[in-house]
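Trainee: Task: produce atomic coordinates for the following.
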Amino acid sequence: MIRTLGEVTAFAVLALLAAVRVVVRPGLWIKPFYDALLGSLPLAAVAGIAIGAVIWLHTRGVLERTGTGAAELLPTFLAAAVLLELAPIGAGLILAARSGAKLGAELASMKVNEQLDALAMLGASPMTRLIGPRVLALTLAAPLIYLLIATLALGSGYLAELAAGPTSWLRYSRALLEGLSLADVVPAALKTLVFGAIAAVAGCWMGVRAGAGSEGVGAAATRAVVAAALLVLVADVVLVALFAIVLR
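Mentor: Predicted coordinates for the structure are as follows:
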């Protein structure tokens with residue numbers, strides 16, 4: 001277990017360094033970025049709309065029953081829940097589920113077909129040509145998915161509020177921003193960069209460590225999803241605790 005942990009850590013460091021090096025070579029990472037972003041849009045859109053509507057439906061009645069005017073604070077609660085936690089973790093889990101499985105299966109297939117070995121024999125580093133660009137692509141795609149989820153969640157909350165009774169966008173938007181500051185929102189948005197990198201590294205690691213045959217490819221995809229989702233959740237807890245200490 002200790003040896004595996006060391007190997008994973010070394011792989012992650014090399015992958016992140018490779019991602020930094022290929023920033024100036026967009027030809028390597030534009031396509032993976034486009035695939036990750038475009039492929040995640042349907043899930044992100046549905047998740048955003050559902051999150052806003054469900055939070056409104058669950059909490060509106062409870063706040064109204066308090067009889068203290070707490071229902072007026074519902075947009076503030078919605079904004080805090082979405083911007084600080086639900087949208088970041090939603091973006092991370094969407095990338096872990098979709099892109100993590102894709103990367104695991106893709107690299108596992110290349111390993112089974114000995115394409116990784118052939119690439120190394122030709123003098124091209126798989127870390128630079130394959131892994132680094134994919135890590136960079138998912139890292140850059142995660143904040144955009146976060147923005148989409150947050151926008152649609154807050155928008156669907158407004159539509160639900162509008163259906164319940166007369167209101168205005170100005171009043172709703174003011175309530176959204178009440179109590180929140182950039183010091184709260186920016187760290188939550190930056191978490192998505194870490195989530196994207198984690199999903200990519202986990203997927204690539206499981207792909208290059210895949211077993212032989214089609215069974216190995218399928219197992220790599222499954223393990224990539226499980227590992228990426230678990231690590232995203234753990235990283236979320238760690239980052240929230242770290243931000244609470246640093247920004248206190």
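
Trainee: which residue is nearest the centroid of the protein?
Mentor: Central residue of the chain (C-alpha atoms, centre = their mean): Gly92, 2.0 Å from the mean position.

Trainee: wait, what's in contact with the residue lying closest to Ala12 once chain neighbours are set aside?
Mentor: Spatial nearest neighbour of Ala12, chain neighbours left out: Val201 (4.9 Å); criterion: C-beta to C-beta, 6 or more residues apart in numbering. Placement of C-beta: from N, CA and C, glycine included. Residues near Val201 by C-beta atoms under 8 Å, 6 or more residues apart in numbering: 11-12, 15-16, 135.

Trainee: isn't Gly90 right next to Leu147, touching?
Mentor: No. In this structure, Gly90 is not within contact of Leu147 by C-beta atoms under 8 Å, at 11.5 Å.

Trainee: returning to what we had before: turn the contacts of Val201 into JSON lines, including pLDDT.
Mentor: As requested, these are exported to JSON lines (pLDDT from 0 to 100):
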{"residue": "Phe11", "pLDDT": "91"}
{"residue": "Ala12", "pLDDT": "92"}
{"residue": "Ala15", "pLDDT": "92"}
{"residue": "Leu16", "pLDDT": "93"}
{"residue": "Val135", "pLDDT": "94"}
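
Trainee: so how far is Ala197 from Leu95?
Mentor: Look at Leu95 and Ala197: by C-beta to C-beta, to the nearest Å, they are 10 Å apart.

Trainee: I should have written Leu144 there, sorry.
Mentor: Leu144 is 15 Å from Ala197, by C-beta to C-beta.

Trainee: neighbour count winner among those two?
Mentor: Neighbour totals were compared for Leu144 and Ala197, and Ala197 leads with 22 against 18 (other C-beta atoms under 10 Å).

Trainee: any idea how far the more buried one lies from Ala19?
Mentor: Distance of Ala197 to Ala19, given as C-beta to C-beta: 8 Å.
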